[in-house]
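J.: Sequence plus the predicted model coming up.
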Amino acid sequence: MHITVISDHLLYALQNVFRMVPNRSPIPILKGIHFETCNDLVYITATDLEHGIRTRVPAKIEIPGQAVLPAREITELIRRLPNMTVSLFTNFENNTTIVNYAQSEVNLHGFPPDEFMPC
């Protein structure tokens, strides 16, 4: 997955779905937020297995796909950015995502997207 999105739009979506991420869970992937591309949108989902929240953000999709990123880390990272363009590139082989912004990049280790359980 390779997407480019405006950080303020992404932050608004992340803050909405972050409320559904459980503080403690015996299932580690539930502490993640699922990203999935479709046309010119990125669908962002979080669940606690009883309830779920799904929202969407307009984005430029360069490579379609999906990823599950650690909820706290991605939300805090995007929260600290000014309104700017952010790129996310996921390596499917090792489930890592590179977040590029300004002249910096951050590597996030995610979860296998096929293990994410929809609500």
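T.: Received the coordinates, thanks. Numbers count the residues shown, from 1 in each chain.

J.: distance between the longest helix seen in the chain and the chain's centre?
T.: With DSSP state H applied, the helix covering the greatest number of residues in the chain is identified as helix 7-18. If you compare the mean C-alpha spot of helix 7-18 with that of the full chain, they lie 9 Å apart, counting by CA atoms, centre = their mean, to the nearest Å.

J.: Mind checking the pLDDT average for it?
T.: For helix 7-18, mean pLDDT is 97.

J.: And the contacts of stretch 91-103?
T.: Stretch 91-103 is touched from outside by 1, 7, 65, 67-69, 74, 77, 81, 84-90, 105-113, with contacts defined as CB atoms under 8 Å, 6 or more residues apart in numbering. For every residue, glycine as well, the C-beta is placed using N, CA and C.

J.: send the alpha carbons of that stretch over as CSV?
T.: The C-alpha coordinates for stretch 91-103 follow below in CSV (Å, rounded to 0.1, in the frame of the first residue of the first chain):
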residue,chain,number,x,y,z
ASN,A,91,6.1,-3.4,2.9
PHE,A,92,3.8,-6.5,2.8
GLU,A,93,6.6,-8.9,3.4
ASN,A,94,7.4,-7.7,6.9
ASN,A,95,4.3,-5.6,7.7
THR,A,96,6.3,-2.4,8.2
THR,A,97,5.1,1.0,7.1
ILE,A,98,7.2,4.0,6.3
VAL,A,99,5.6,7.3,7.1
ASN,A,100,7.2,10.2,5.1
TYR,A,101,6.5,13.8,6.0
ALA,A,102,8.5,17.0,5.3
GLN,A,103,12.0,15.7,5.2
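
J.: Just the buried subset of the contacts of stretch 91-103, written out for PyMOL, thanks.
T.: Selecting only the buried members of those in PyMOL, with burial defined as 16 or more other CB atoms under 10 Å, works like this:
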select buried, resi 1+7+67+68+69+74+77+81+86+87+88+89+90+108+110+111+113
